[in-house]
Structures are given as structure tokens and as C-alpha cells.
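J.: Next come a sequence and a model predicted from it.
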Amino acid sequence: MATMTMIQALNSALDVMMGRDSRVLTFGEDVGYFGGVFKVTEHLQKKYGAKRCFDSPINECGIAGTAIGMATYGLRPVIEIQFADYMYPAYDQLVSEAARIRYRSANDFTVPMTVRMPYGGGIYGGQTHSQSPEALFTHVAGLKTVIPATPYDAKGLLIASIEDDDPVVFLEPKRVYNGPFDGRRDRPVIPWSKHPASEVPEGYYKIPLGKANIVREGADLTILAYGTMVHVALAAAEDSGIDAEVLDLRTLLPVDIDAIVTSVAKTGRCVILHEATRTSGYGAELAALVQEHCFYHLEAPIERVTGFDTPYPHALEWEYFPTPTRIIKSMRRAMEA
Amino acid sequence: MSRKNALELHIPTPRSRPGDKADFSGWTFPEPGDTPRPDIDTAAVEMRDYAYGLIRVMDMEGNALGAWTPSIPAEQLRRGLKYMLLTRAFDDRMYRAQRQGKTSFYMQSFGEEAVSVAQSMVLTPEDMCFPSYRQQGLLIARDYPIVEMMNQIYSNAHDPMKGRQLPVMYSSKKNGFFTISGNLATQVPQAVGWAMASAYSNDVRIASTWLGDGSTAEGDFHAAMTFAAVYRAPVIINVVNNQYAISSFQGIAGGENTTFAARAVGYGMAPLRVDGNDFLAVYAATQWAAERARANLGPTMIEHFTYRGGPHSTSDDPARYRPADEGRAWPLGDPIERLKQHLILLGEWNDDQHRQAQEEATEKVREAGREAEKIGVLGAEGAHPAQSMFEDVYKEMPWHLQRQREEVLGG
């Protein structure tokens, strides 16, 4: 066991997999010598050689397109899109190609690749370094979408994603790369080393895709969250005095419906969190699922606390970001209904 | 409202339209045999002229001339000719099958048969082809059963794609034929990535990919050119310039100002520009590019200068956008007629043999057609169970697809 930040845990996952499997390679913008702008691929080029960890031209379509070709050859490429906001030039390759090659070729060709992307706000990154595009992936048949919230989960889920035989979009909540930020900006920053989930095995382990995690048990209300919002949800639960159960979904597609149903059936109330814009966001899917599966258990309308339907506003970041204060308001509404 | 120094927007316009006579006046080509053949290790920067010339081997009488003349045994040439005849007969039959309502859609390669057939014969069966939708000749020249192609076109019970793909979107990994997308140029960066993976794995196989003149305008093409050049991928990028993207003449894709082969120059990639209706020239250029790739000397882009003899697909009528006689007036002839003439000049072929080969091709297609139609044509009841649509979305079916499948099964 070692104490790791999320960045170190992701780096360790890549290190473990490159050590175990010569088919695993990684590339992207500034990924090689420099080790990535967030340092997730640091030291890998030195350890495994430039052939297995290298810099790419600034062309996301080319990064995704070549990785698809490599995967159909039989390799297991892990590509980095420097910011999820830069994903759009690669979108056709992901949606029309990676997601459908198994299906359209009737299993003749497959695409076991992992697409890593830092996403989310709270870093003063403005509209081009803060977006949360997860719904653009969960809407696509053939892709899996994974979002970790802690160093321990990040490593186990990344290893599972690399070993998965289907294309996986792996979104990394960059606001919690270096510490479990919980949205309480008036408090001192907590480092990962103070959090139990920073205890990470140095070797190989997997967390299965499609399994949620109950990070706080509670009886009054269920909060569905993922990524940075898991920590914000915990802070809201603590500050509100409401006995909330917090579910970290970890995989958005396929989502762990049993965990959701079990929790909401128990509490009868549901608050859904995400940083992304609200309309047609992933929260809409969650609300629909809860309604379809738990309608007769519900004691109150489902609440959504999300980013607003605007581009990500640089200077108004903290009005936009779903903070514990906003979440508590929704929790109270759900409790009083 | 006239204004001094007013700007004017240029919209490229072809020389002739329906009702006009085909106009190729002023088009000049190097003479057959005039283009020197560089060594395969020639630096890309020294190959600039090849982007603006045209490699031609056969003259219009069928003589093979110059340094690019490939050495091909007569038996191999006859096979090439027969594959082209089979491809044409297949296209003819399937085009009519669509007209008869047996399928939804078809795309011929009429006039472009030399590109795919000659190239398929140069590449090894282990090399991976990333085609667009007009390279059916690759599969035919790799002896893929044409009845399987028909099963795919009819989406019948034996369709290897299980009725999931538009007609002509074949896939056959064991024949080195990548699953066709239908989205344009997406296969080009994938071919580059496959080639990079082959080099990464110290393999000996190379990749080859095809796209049209129109598709070179897609970002994917430029992404692929950048990556191929940067990582010296063992790949051949073939731009089949058949003059048309559906109704848009090649000027709309940028062909008015330069050649498509010239795109390679800016990327520092070896360019070749070849008469695509000259089987021998296509064969020789492909051999050059394949040898270069196999020797770790990097990618080549080949522009195949040809003419799309038929419509884009069964969904358009060329009489509405180009002169009716343009195909017949094409200055570089027909690829089948030209190889036939060459073989006759060699004393290795005659008109009777040709007629017989044509009849054999037609008969083969007719026979396969009967077999495929017996299995079923598009829309035949029960060709694919409804629940099969949920298979292969993922390796293992997740819960939400299982539930949707149950919905279908439950009626």
C-alpha cells in the first residue's frame, strides 16, 4: 500500500498495465517526454521507451482514429485527450467508429481502447477547460463511460477499462486530481493523504465496471453522484444534518441500476447531482430510471442539482458550480415535500 | 450598387454540364513510359515532380513502355483481367437487382476496376485494406465468395453482417478487408493506426487505404496524413480521383488549383500520381509504395487519376449534372479494354478468349445470384430474429439491452 493522489493512482494503473501487457501503449498531446500537462503519464516514457508512451500531433481526430486502428490490430491503446473540452474533433471517430465497429462488422473487428479525458470545473478553466460532456458519451450505443471519484477507484477502474474489450471513455474529475475538494471553499484544502481512499495497492487490482459504491449510508434520502460531486454530496450531507445515503455511480454506462433502486426504495427520496448542464444531461436519464423503477417508493419529486444551461462562465464559476449550499436547498425541498 | 475594388467570391464550376459536349481540351499528360522510376528510398522532398506528373505505362494501343513497366507473368495478367471482368459483371447484376427492388442500395465501381484489382494483387492477403465503398474489386481479387457479398447486399439470413449494414459495407478480417464505415475518410487515420501498430509489433504487414477525391477535404484525411508522415507509418494512402463526389466535380474538393497528389508534398510524404485506368501503372506504383513501406521507409500517397463511369450510387442520376458522353470521351480509356489490348499485343489473349471470359464472369455472377436469392432478398420474412439487433453492441450484453431485448421478445 502507498498513499497516492488521483494523478499518482492513474499513473500507477498505466505503469502496472504497461508492465503486464506489451499491447498496452499510451499517447496524446504532451504525454511523452513531459508526462502530460497533469502528469498522469510521468516517467512512463523513461521506463517503457518512446514507442510505448509518446507525444502526438495536436489533432484529436488523429489521436482517436489511429488508436482505433491500433485496437483493431490487437493492441490496447490508452489515449489522452488533454481536456475533455478538446474532444469534439474526435467525436465522429468515437461515435461513428469506435462505438460501432464491433456491431457493424458482426464481431469481426473490435476496439479495446481507453480514452482518458480530464473533465469538469472548479479550476478557473473557463469554457474550454471546464466542461462535463459525459452525456454525449452515455447517449452513444457501444461506448462505456466511467468516472472515478477517488485514487483507489481511479486505479482499479482504469485497469478494468484497459482490460475491457469494448471502447471505454474514462473521464477524470480534474478538480479532485490532487485532493478531495468538496465545494466548501471557505475551508482549507484537504490533501488526498488525509483521505482513506488514498491508500492504494501498488500492484494490480480491478474494480468491476458497472458497479456503484455506497460512500455514505443513510436512511432519509439518496444522493446520486459521480466524480467531484461525490465529495460535494458528502459535505452537503454533513452540513445539512439530513441522514443522506450517497451513491458514487463510478460507471455511468452501464449504470448500476440495482444499487440505485435498492437505495431509493429504502429512502424514498432522490437528489441527483452533476456539474454538466441540466437539459438532456445525464441526470435526466437518472431521473427517468428512478421514476420507472421506484415510482411507488417515492415520497417526493426527484431533485436535480446541476450546472446551468449556459456555457461555463469563467468569472462566475462559483455561481455555476453545484455547491453544498445549493444541494442542501434541494435536499430540504425533498425532505419537506 | 457597384463599389470600387469590390471583392468577388469564386465558386468553382465545371467546364461542361448536361447538354454540353464533354470538354477535356487543354488537358495534357506525360507520354507513356516518360516518367522515370525513382529508387524506393528516394527522399520525399525529391519526389515533388511526381505529384504533378502522371505515371503511365501503357499507350492507347496496349504497348507497355518505360521504367515503370512491371514484370508480371502473363498468367497473372489474365487473372487480373478476369477479376476486373468479374467485378464489372457483379456490379452490373447488383445494380439491376436494386432496380428490381431486391435491395435498397448499390454502388458500382464501373471504370475504376483497375485500382482495386491491381492493388489487391500487389498486396499480400495478410496486409490490411481500409477501403471506402467503391473497392469491391479488392474482395473479388482476394477470391472472397461473391455469393457472400450478395448475401450482405440482400441482408438475407446468411448475411455475414447480420443485416446491420447498408449494402456494400462488407467486412472480412480474414481477407484483410476492414469493415466499411460509410462515413467518409474515417478509415484513413484508422489505417495509419493499424500500420503504426504493425510497426510497433515488429510485424511485416502493411496497411493500405482508399478514399475519393471529394473525401480529401475531410479533416480525417489531414489527420491521417499528419500522423502517417510524423510516425512514418507503413501505409499506402490511395486517393481515387474519379472526378466526382456525387454531383460535385473535383474542383469543389480543391482540384482546380492543384493535384490531389500534391497534398502529400506539404506533409513531407512521397507522392505518386498514376493513370488509374492503366492496370500496369497502378500495379507498378503500388509495388513501389508497398516496397517502400515494407523497407521501413514510410508512407506513400498515390493519386489514381480515373473516371467514375457510373452514378455515385443507385440514388443519383448523372445525366442531371454532367455531359452524357463524358465517360465515353474520357481520354484515358477503359481499364478492361486497355489491359485486354495489352494482352492481345503480347499474343497472350484474343477476342474469342475475351468473349468467353466475359460469359464465364456473367455466368458465375448469375449462379451466385440464384444461390443468394434462394436464401432471400431484402425484406424477406424472418431473415434475422428481431432480438439479434441487441447482439454485438458490447461483448457482453448489459442489463439495459437485456431488458430492451425482453421487450421485443415479449411482443
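T.: Happy to help now that I have it.

J.: For burial, what's the neighbour tally of residue 43?
T.: I went with chain A, as the question did not name one. Using other CB atoms under 10 Å in any protein chain shown, the number of residues around residue A:43 comes to 13. Any C-beta I mention is one placed from the backbone N, CA and C, and that applies to glycine too.

J.: other chain: chain B
T.: Residue B:43 - counted by other CB under 10 Å - has 10 other residues nearby.

J.: per-residue confidence for the residue in the stretch 101-250 of chain A that chain B sits nearest to?
T.: Using CB to the nearest CB, residue A:105 is the residue of the stretch 101-250 of chain A that sits closest to chain B, at 3.7 Å. Model confidence at residue A:105, given as pLDDT, is 98.

J.: With residue B:45 instead?
T.: In this prediction, residue B:45 carries a pLDDT score of 96.

J.: Let me see the backbone angles for the closest residue to it other than its chain neighbours.
T.: Nearest non-adjacent residue to residue B:45, counting by CB to CB, 6 or more residues apart in numbering or on different chains: residue B:268, 6.8 Å away. Backbone torsions of residue B:268, given as degrees, to the nearest 10, read phi 70, psi 30.

J.: List the contacts of residue B:268.
T.: By CB atoms under 8 Å, 6 or more residues apart in numbering or on different chains, the contact list for residue B:268 reads B:44-45, B:229.

J.: which bits of the stretch 51-200 of chain A sit near chain B?
T.: Neighbours of chain B within the stretch 51-200 of chain A, by CB under 8 Å from any CB of the partner chain: A:51, A:56-57, A:59, A:61-62, A:64-75, A:77, A:89, A:92-93, A:96-97, A:101-110, A:141-142, A:144, A:165-166.

J.: Those in strands, which ones?
T.: Judged by DSSP state E, strands contain the following of those: A:77, A:144.

J.: hang on, the earlier thing: the residue of the stretch 101-250 of chain A closest to chain B against residue B:170, yeah?
T.: No - Residue A:105 is not in contact with residue B:170 according to CB atoms under 8 Å; the separation is 9.2 Å.

J.: Touching both of the two, which residues are there?
T.: Residues within reach of residue A:105 and of residue B:170 at once, by CB under 8 Å, 6+ apart, are B:161, B:179.

J.: Report how many residues lie close to residue A:74.
T.: For residue A:74, the neighbour count with other CB under 10 Å is 14.

J.: any idea how far it lies from residue A:21?
T.: 11 Å (CB to CB, to the nearest Å).

J.: which ones are touching the residue nearest to residue B:320 when sequence neighbours are not counted?
T.: Nearest residue to residue B:320, sequence neighbours excluded (CB to CB, 6+ apart): residue B:18, at 6.3 Å. Going by CB under 8 Å, 6+ apart, residue B:18 touches B:319-324.

J.: what does residue B:262 give?
T.: Contact partners of residue B:262, counting by CB under 8 Å, 6+ apart, are B:51-52, B:271.

J.: Starting from the helix or strand bottoming out on mean pLDDT in chain A, tell me the next helix or strand along the chain.
T.: Counting by mean pLDDT, DSSP states H and E, chain A has its least confident helix or strand at helix A:317-320, which shows a mean of 96. The helix or strand immediately downstream of helix A:317-320 is helix A:324-336, counting by DSSP states H and E.

J.: quick revisit: what about the residue of the stretch 101-250 of chain A closest to chain B, how many neighbours?
T.: Residues lying near residue A:105 (other CB under 10 Å) number 25.

J.: mind checking how far it is from residue A:96?
T.: 13 Å.

J.: ditto for residue B:65
T.: 45 Å.

J.: For the most centrally placed residue in chain B, give me its contacts.
T.: In chain B, the residue lying closest to the centroid (CA atoms, centre = their mean) is residue B:135, at 3.6 Å. Each residue near residue B:135 by CB under 8 Å, 6+ apart is listed here: B:109, B:115-116, B:129, B:210.

J.: longest strand anywhere in chain A?
T.: strand A:270-277.

J.: Direction-wise, compare the helix or strand following that strand with strand A:270-277 and give the angle.
T.: Next along the chain after strand A:270-277, taking DSSP H and E as the criterion, comes helix A:282-294. Note on geometry: by axes from the mean of the first three to the mean of the last three CA atoms, to 10 degrees, helix A:282-294 and strand A:270-277 are set 160 degrees apart in direction.

J.: what's the following helix or strand after helix A:282-294?
T.: strand A:303-307.

J.: and that next one, what does it pack onto?
T.: strand A:270-277, helix A:282-294, helix A:324-336 (3 or more CB pairs under 8 Å, 6 or more residues apart in numbering or on different chains; DSSP states H and E).

J.: Can you show me the CA trace of the first one as PDB?
T.: In PDB, the C-alpha atoms belonging to strand A:270-277 read as follows (Å, rounded to 0.1, in the frame of the first residue of the first chain):
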ATOM      1  CA  CYS A 270     -33.700  11.200  -4.500                       C
ATOM      2  CA  VAL A 271     -31.400  14.100  -5.300                       C
ATOM      3  CA  ILE A 272     -29.200  13.900  -8.500                       C
ATOM      4  CA  LEU A 273     -26.000  15.900  -8.900                       C
ATOM      5  CA  HIS A 274     -23.800  16.700 -11.700                       C
ATOM      6  CA  GLU A 275     -21.600  19.600 -13.000                       C
ATOM      7  CA  ALA A 276     -22.800  19.300 -16.600                       C
ATOM      8  CA  THR A 277     -25.600  21.500 -18.000                       C
END
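
J.: That strand pairs with which strands, and in what direction?
T.: strand A:221-225 (parallel), strand A:303-307 (parallel) (DSSP bridges).

J.: contacts for the last one?
T.: Counting by CB under 8 Å, 6+ apart, the neighbours of strand A:303-307 from elsewhere in the structure are A:121, A:132, A:270-278, A:281, A:283-284, A:287, A:320-322, A:326-327, A:330-331, A:333-334.

J.: Any of the residues you listed buried? List them.
T.: A:121, A:132, A:270-277, A:281, A:283, A:287, A:320-322, A:326-327, A:330-331, A:334 (16 or more other CB atoms under 10 Å in any protein chain shown).

J.: for chain B, what spans make up the strands?
T.: Using DSSP E, the strands of chain B run over B:128-130, B:207-212, B:235-241, B:244-245, B:248-249, B:270-275, B:300-305.

J.: okay, those in JSON lines with distance to residue A:188, mean pLDDT and mean neighbour count next?
T.: Output for the strands of chain B, formatted as JSON lines (distance: least, CB to CB, whole Å; pLDDT from 0 to 100; neighbours: other CB atoms under 10 Å in any protein chain shown):
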{"stretch": "strand B:128-130", "distance to residue A:188": "55", "mean pLDDT": "98", "mean neighbour count": "28"}
{"stretch": "strand B:207-212", "distance to residue A:188": "55", "mean pLDDT": "98", "mean neighbour count": "29"}
{"stretch": "strand B:235-241", "distance to residue A:188": "54", "mean pLDDT": "98", "mean neighbour count": "30"}
{"stretch": "strand B:244-245", "distance to residue A:188": "61", "mean pLDDT": "97", "mean neighbour count": "22"}
{"stretch": "strand B:248-249", "distance to residue A:188": "62", "mean pLDDT": "97", "mean neighbour count": "19"}
{"stretch": "strand B:270-275", "distance to residue A:188": "60", "mean pLDDT": "98", "mean neighbour count": "28"}
{"stretch": "strand B:300-305", "distance to residue A:188": "58", "mean pLDDT": "98", "mean neighbour count": "29"}
